[in-house]
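1. dropping a prediction and its sequence here:
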Amino acid sequence: MLNKRAQLSDAMTWIIATLAIIIILVIFVFASQVIAKAKEISSLKSIEGGSSNLEVDLIEKKNAFAFEKNKNNELKIKEWLNENE
Amino acid sequence: MINKKGTDKIISIYWFVILIIVAGGIFAMVSVFYGSPYDVRAIEAELLTNKIADCLSYGGGLDKELFIDADVLKGFKENFLELCKINFNVEEKFENEPQYYLKIGVFAIDSLNTPAVSLVEGNRNLVASCNVQEDKEFEKLAKCNKRKLYSTLNDQQYLIEILSIVKKTQENVK
């Protein structure tokens, strides 16, 4: 009788260990699915400039060049450029 | 002694099963992570806008080659896309439904409500996606990028509005 109980408890240990492994794996698979959905490249700057602050937006650069050429109506133009629709 | 041999056999089979389960789990994790595509539509739209801006205006001045009359802003040439080295060709599966849309409006400084020259190319049905693109629920719709640019032509000042839209949902969203 005693021997049978010991065998049963031994088997239970293995079963629980197996279940723990399977549960951990399932959690990891689920987590990788969540991380996979969240992965994204947010903007061009993150590709081109990385963490560098030197990288300037191409359109901004073009606007600056145009203002160098002709500064008339600067305020009106800047207002239009910053206007969101 | 015989009984111990039997237990050892069962345990080694058990370890093999666990090994297979763990290997399967790791395989599942890797395939789930790398099987999910990067959503680059917003960046593609941004790139398209930058490409057009670069083509239209260089060094602060409008590109004279793109307009019929070099001195007066008359319009875009018929082969604008070709001149700007842009093509909307996509994979065969998308042949019936264009995946890009492009709208350019060039406004004279004294008339900001009506464009002096405008150009529209691509699938017009995609425009509707722009208003709801921030909504997570509608992430399968197209992504838009709208930018405004200032440029000059001789002494004239022009403001340019560029709207680029990229769909290609099948390849970017699962």
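-> Noted; the coordinates are in hand.
2. what helices or strands is whichever helix or strand A:V34 is part of leaning on?
-> A:V34 belongs to helix A:2-38 when assigned by DSSP states H and E. Identification of packing neighbours for helix A:2-38 by 3 or more C-beta pairs under 8 Å, 6 or more residues apart in numbering or on different chains; DSSP states H and E yields helix B:2-35. In short, each C-beta sits where N, CA and C put it, glycine included.
3. mind giving me the packing neighbours of the helix it packs on?
-> With contacts taken as 3+ C-beta pairs under 8 Å, 6+ apart, helix B:2-35 sits against helix A:2-38.
4. the helix holding A:V34 vs helix B:2-35, what angle?
-> 10 degrees (axes from the mean of the first three to the mean of the last three C-alpha atoms, to 10 degrees).
5. and helix A:2-38, which residues are buried?
-> Residues A:25, A:29, A:32-33, A:36 are the ones in helix A:2-38 that count as buried (16 or more other C-beta atoms under 10 Å in any protein chain shown).
6. now swap in stretch B:162-173 and tell me
-> Buried residues in stretch B:162-173, counted by 16+ other C-beta under 10 Å: B:162-169, B:171-172.
7. can you check stretch B:35-54 too?
-> Result for stretch B:35-54 [16+ other C-beta under 10 Å]: buried residues B:36, B:39-53.
8. what's the answer for stretch B:113-123, then?
-> B:115-117, B:119, B:121-123.
9. just the strands in chain B please.
-> Ranges of strands in chain B, per DSSP state E, are B:57-58, B:61-62, B:100-108, B:117-122, B:143-153, B:156-166.
10. who's in contact with the second one?
-> The reference is to strand B:61-62. The contact list for strand B:61-62, computed with C-beta atoms under 8 Å, 6 or more residues apart in numbering or on different chains, reads A:66, A:69, B:56, B:73, B:106, B:151-153, B:158.
11. turn these into CSV, columns for neighbour count and distance to A:L19.
-> As requested, these are arranged in CSV below (neighbours: other C-beta atoms under 10 Å in any protein chain shown; distance: C-beta to C-beta, whole Å):
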residue, neighbour count, distance to A:L19
A:A66, 24, 67
A:K69, 14, 72
B:L56, 24, 64
B:L73, 20, 74
B:V106, 24, 67
B:S151, 25, 67
B:T152, 21, 72
B:L153, 20, 74
B:Y158, 23, 70
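12. quick check, nearest of those residues to A:T13?
-> Nearest to A:T13, judged by C-beta to C-beta, of the contacts of strand B:61-62 is B:L56 at 72.5 Å.
13. surely the closest one meets B:I160?
-> Yes: counting by C-beta atoms under 8 Å, B:L56 does reach B:I160; the two are 6.1 Å apart.
14. list residues touching both of those two?
-> Common neighbours of B:L56 and B:I160, counting by C-beta under 8 Å, 6+ apart, are B:104, B:149, B:151.
15. quick one: residues contacting the second one.
-> Residues near B:L149 by C-beta under 8 Å, 6+ apart: A:59, A:62-63, A:66, A:81, B:53, B:56-57, B:159-162.
16. since that was my last question, I'll sign off now.
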